[in-house]
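Colleague: I would like to see how this sequence folds:
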Amino acid sequence: MNNKGIFDVLLQNITEDQKLLKEADEKIDQAKEDKQAITDRIKGYRKDATAMIKYASDEQIEKIKALDLDLSESKQGLNSVATTAFDIMMNTKKKSLTNEELYQTYIDSLDDKEKAVKYTEFNIKCRPLFNNQRLIRTKGSDPKSSRTDIITLNGSSKAVIKKE
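Modeller: Below is the predicted model:
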């Protein structure tokens, strides 16, 4: 008789703890959903801040830095090679270069020429610029080579391609 009472208490404890575990799991799932929603909002704020930072005063920039938001291009998926290539295109007067000229200007812009990536790797690392349409690639005079392709800053007038 006494053993049945102990067994009943054990069953009751297991049943209650299973209910508590289920409730805790539901709270954890809800907390994860809440966290994801907040994280998504912060990412949106980061994008907004990146777009508007050029209009901010020094005081506002300091406030943004105090919030520990990283507004660098690398956070937006651009690597250092793509960032350098985009800067080159932004600073070129004609806003249009052949792929070979862009690559050569990239090499010339580096302090240590040994750190320059090879031509093929350069093109791979610059893909995000074309994927998000910051730059436009038009096939050049040699269909078998990307070196003659015309690279144009999006929004500027396109270069006239001479066919030989």
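Colleague: so where's the protein shaky on pLDDT?
Modeller: 1-3, 70-77, 156-164 (pLDDT under 70).
Colleague: now with 90?
Modeller: 1-5, 39-58, 60-83, 86-87, 90-96, 110-116, 128-134, 140-146, 153-164 (pLDDT under 90).
Colleague: So what's the gap between the longest helix along it and the chain middle?
Modeller: With secondary structure taken from DSSP state H, the chain has its longest helix at helix 2-52. Chain-centre distance of helix 2-52: 31 Å, with CA atoms, centre = their mean, to the nearest Å.
Colleague: That one: what's the following helix or strand?
Modeller: Remark: after helix 2-52, the chain's next helix or strand is helix 58-66, criterion DSSP states H and E.
Colleague: Would you mind pulling up the elements that that following helix packs against?
Modeller: Here helix 58-66 touches no other helix or strand, going by 3 or more CB pairs under 8 Å, 6 or more residues apart in numbering; DSSP states H and E. C-beta coordinates here come from the backbone N, C-alpha and C atoms, glycine included.
Colleague: going forward, begin numbering at 26 instead of 1
Modeller: Renumbered: residue one is now 26, and that last one reads helix 83-91.
Colleague: could you give the angle of it to helix 27-77?
Modeller: Between helix 83-91 and helix 27-77, the angle comes out at 150 degrees (axes from the mean of the first three to the mean of the last three CA atoms, to 10 degrees).
Colleague: Pull out the buried residues from the following helix or strand past helix 83-91.
Modeller: Downstream of helix 83-91, the first helix or strand assigned by DSSP H and E is helix 105-116. Going by neighbour count (16 or more other CB atoms under 10 Å), the buried part of helix 105-116 is V106, A107, T108, T109, A110, F111, I113, M114.
Colleague: what pairs with the helix or strand that L122 is a member of, and is each one parallel or antiparallel?
Modeller: Applying DSSP H and E as the criterion places L122 in strand 121-123. As defined by DSSP bridges, the strand partners of strand 121-123 come to strand 175-178 (antiparallel).
Colleague: Measure how far the partner strand is from the centre of its chain, please.
Modeller: Relative to the chain's own centre, strand 175-178 is displaced by 22 Å; criterion: CA atoms, centre = their mean.
Colleague: contacts for that strand?
Modeller: Outside of strand 175-178, the residues within contact range by CB atoms under 8 Å, 6 or more residues apart in numbering are 114-115, 117, 120-124, 127, 159-165, 183-184, 186.
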